[in-house]
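> Got a sequence here, can you build the structure:
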Amino acid sequence: MTDSTNTRRRFLAGTTALLGTTALGLPQARAQKAALPEKEVLKFGFIKLTDCAPLVVAYEKHFFEDEGLNVTLEAQANWKVLLDRVIDGQLDGAHMLAGQPLGATIGFGTKADVVTAFSMDLNGNGITVSNAVWNEMKPFLPSEGGKVKHPIKADALKKVVDKWKTQGKPFKMGMVFPVSTHNYELRYWLAAGGLHPGYYTSSDISGTKNADVLLSVTPPPQMPATMEAGTINGYCVGEPWNQQAVFKGIGVPVVTDLEIWKNNPEKVFGVTRAWAEKNPNTHVAVVKALIRACMWLDASIANRVEAVKMLAKPNYVGADAEVIGNSMTGTFEYEKGDKRPMPDFNVFFRYFATYPFYSDAIWYLTQMRRWGQITETKPDSWYLETAKKVYLPETYLKAAKALIAEGKAKEADFPMKSDGFKGPQDGFIDGIVFDGRKPNDYLSKFKIGLKSADAV
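The predicted model follows:
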């Protein structure tokens, strides 16, 4: 879309607003003026994954323009580059890993005040192993109806890893970033099957101390090629890079994050605190557009099919539409030909997916503590205080209320009276219940990982 088209749209929107306020009187006109975006021309970053869809849809369906925003979307090389460019102001905001604003705030890796008022999706990740590893795992897996029974736990992988140890062979897996959902989900799955994924320490931030499985960072689009080359034996990544392994015949997804933690939060839209404070109206306008995009994405399969075509474009994800559609349209393929229904693999709006729950932030913080990224014990109160520094439900609710007032959404679409907690959650592969109000009690329940008072 050309700049002249954007300018014309903004002019028409402004004219319509002005005509509407003339009859309503000066106070209403002032209210309209006060709500205008402080900054109209914006640049947002994303990584080439299907869960960048809310940004793509908000752009392609002109939801940003409806809010008076002239947005450019720009793919980034990796998660570190993306975060750094938001922090230094080259990007106004970005599609981020849920752990990135939290990690930056507590000073793990990069120290900066990064906040989020919007959760972009639930689920969407998988764990894939090479064909060679799959062939070693498969004899240990139960079958049902002639197919491998799911969900697959890491117990079967442990037998393979233990065998490799006796042969002096290290077992290596990739994840996308130290504070990524993928890192924590992969660690969770491995530990639930008796495999230690390693600790981070103040002197060793590789995260491999005491590890049975060595985890390292690989950018998402490079995962399949890195595994095919034998550099890693498996990985945890978002789509379409698990389905790409199936498509290329080089690997098998063994479990999805929906099966590890049912309806887990995945990505967020992140900005710096300074940007949010300088541009509060713009922030609300962006969240409004993103909410509408997520509503559209979950409204019908037809919309998902249209979204797949958008995402397949080279300037977005750039993968084959068939590969993207494998997971985006309500199915998921494990072994080649073993495609199963999975309507909740990608959730963008259902289950209050877009609301920034404090309890989601607290879960990520517990995993940072569990694996040593937080090096010392913290009281329960610290977890909530940190969540409140980063998650901004008040901004989200301003956007939601505006959409309701405009007739674009219903009050029932949002958790308007939420206190920020989902309540105890039991949808984990190991059966352990998570209560965000009791993070230290939660940490005490794991056989593998740091407890409240432990140190590495």
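> and T226, what does it touch?
174, 218, 232, 235 (CB atoms under 8 Å, 6 or more residues apart in numbering). Every residue, glycine included, has its C-beta placed from N, CA and C.
> Let's see if you can find the most crowded of those.
Neighbour counts for the contacts of T226 (other CB atoms under 10 Å) peak at Y235, which has 30 neighbours.
> hang on, that residue packs against Q222?
No. Judged on CB atoms under 8 Å, Y235 makes no contact with Q222 at a distance of 9.7 Å.
> End to end on stretch 89-109, go ahead and measure it.
End-to-end span of stretch 89-109 (CA to CA, to the nearest Å): 18 Å.
> typo on my end, it should be stretch 195-208
End to end - CA to CA - stretch 195-208 spans 12 Å.
> For it, list every residue counted as buried.
Of all the residues in stretch 195-208, those buried under the rule 16 or more other CB atoms under 10 Å are 195-201, 207-208.
> again, but for stretch 311-329
Of the residues in stretch 311-329, 311-312, 316-317, 319, 321, 323-329 count as buried by neighbour count, 16+ other CB under 10 Å.
> Just the buried residues of stretch 174-192, please?
Buried-residue list, stretch 174-192, by 16+ other CB under 10 Å: 174-192.
> mind checking the SS state of the closest residue to T256 other than its chain neighbours?
Leaving aside its sequence neighbours, T256 sits nearest to G126 (CB to CB, 6 or more residues apart in numbering; 4.8 Å). Secondary structure state of G126, per DSSP: H, G, I helix; E, B strand; the rest coil, is strand.
> wait, isn't G126 in contact with A245?
No. G126 is beyond contact range of A245, at 9.2 Å (criterion: CB under 8 Å).
> shared neighbours of these two, anything?
Joint contacts of G126 and A245 (CB under 8 Å, 6+ apart) are P253.
> residues in contact with D360?
Contacts of D360 (CB under 8 Å, 6+ apart): 98, 119, 265, 391, 422, 436.
> any idea what it is structurally, helix, strand or coil?
When classified by three-state DSSP, D360 comes out as helix.
> confidence score at it?
Note for D360: predicted pLDDT of 98.
> now do A453
Reading off the model, A453 has pLDDT 85.
> Excluding covalently adjacent residues, which one is nearest to it?
Nearest to A453 is T377, by CB to CB, 6+ apart, at 5.1 Å.
> That neighbour: how many residues sit nearby?
15.
> Quick check: which element contains it?
Counting by DSSP states H and E, no helix or strand carries T377.
> what does L73 give?
Going by DSSP H and E, L73 is part of strand 70-75.
> which other helices and strands contact that strand?
helix 3-22, strand 41-46, helix 53-60 (3 or more CB pairs under 8 Å, 6 or more residues apart in numbering; DSSP states H and E).
> try it again with 10 Å
helix 3-22, strand 41-46, helix 53-60, helix 63-66, helix 79-87, strand 93-97 (3 or more CB pairs under 10 Å, 6 or more residues apart in numbering; DSSP states H and E).
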